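> sequence below, structure please.
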Amino acid sequence: MDLKLSWAKFKAIHTTVMFDIRFSEDDDEYIIYGTDGDILFTCYIEKTDPAGSDQSDFESNYKDDANRRTDGKVMVYSTPRPLTWETYFGGAGDDATNGIGEGPRLEFKLLSTDASKTVDITFNEDVRIKDGFFYSEGAPFGSVLTCEIVHPVAGVVGNYVKNAPVFGNAPIYFNSEDSALIQQGLTVRLIVENSDPTTYTDHDARTDFKVVGRLEMFRESVI
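Predicted coordinates:
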């Protein structure tokens, strides 16, 4: 149940129940809320008058302690995201001319005559790769996906995904609590290989299939 209250009633209930006060804000108003069991108490204070009694009262007497625990400790959470960086989901690399997310796309369309397809993506700033999600359609048993990090001079300097199975119509998840720094100038190379029944007798025959994907990363710019 969501009860929308005036600031005076919100304070009165808070004094009785002593729930933790939380708030968010934009340029126009404060959105203040607290919970007691299944009941959500919400209050809106408009920022129309800096000297207004409700706004002044909240800012002077409640704001500094809001978003804290009742024992006085600031509520925190752990995150692999670097301070000031943003979470970014991308299905393409960057392009030097057109910018973020306008480079080669993580789309693979293999024919039965293709041994593999490769997509190279680069970024125009340092990024931190965290997770990946890919989806296959019609992939034969024995097809795989590999992710390499390539230096322009030294060649392959890292393998973040090696021969991960790709099969049928299915999602493929790469999840981690960590993130890996990809410095500007390095190439993230993703390779999808068709099955190889000549080398591996239990592989399916090569067929046409598709794989698409996206990466979760942290970067300082997202626009």
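> and the biggest helix by length in the chain, how far out from the chain's middle?
Taking DSSP state H as the criterion, the chain has its longest helix at helix 7-17. Chain-centre distance of helix 7-17: 37 Å, with Cα atoms, centre = their mean, to the nearest Å.
> residues contacting it, please?
Helix 7-17 is touched from outside by 5, 21, 32, 34, 36, 41, 43, 45, 54, 57-58, with contacts defined as Cβ atoms under 8 Å, 6 or more residues apart in numbering. Any C-beta I mention is one placed from the backbone N, CA and C, and that applies to glycine too.
> out of these, which sit inside helices?
Under the assignment DSSP H, those contribute 54, 57-58 to helices.
> so A139 sits against A164, correct?
No - the criterion here is Cβ atoms under 8 Å, and A139 misses it with A164 at 11.5 Å.
> send me the longest helix of the chain as CSV with only the CA atoms.
Provided in CSV are the C-alpha atoms of helix 7-17 (Å, rounded to 0.1, in the frame of the first residue of the first chain):
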residue,chain,number,x,y,z
TRP,A,7,5.1,16.7,5.0
ALA,A,8,3.4,17.4,8.4
LYS,A,9,1.7,14.0,8.4
PHE,A,10,4.8,12.2,7.1
LYS,A,11,6.8,13.6,10.0
ALA,A,12,4.1,12.7,12.5
ILE,A,13,4.0,9.0,11.4
HIS,A,14,7.8,8.9,11.3
THR,A,15,8.0,10.1,14.9
THR,A,16,5.7,7.3,15.9
VAL,A,17,7.0,4.4,13.7
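> starting from it, tell me the next helix or strand along the chain.
Heading C-terminal from helix 7-17, the first helix or strand you meet, by DSSP states H and E, is strand 22-25.
> list the neighbouring strands of that next one plus their orientation.
strand 29-36 (antiparallel) (DSSP bridges).
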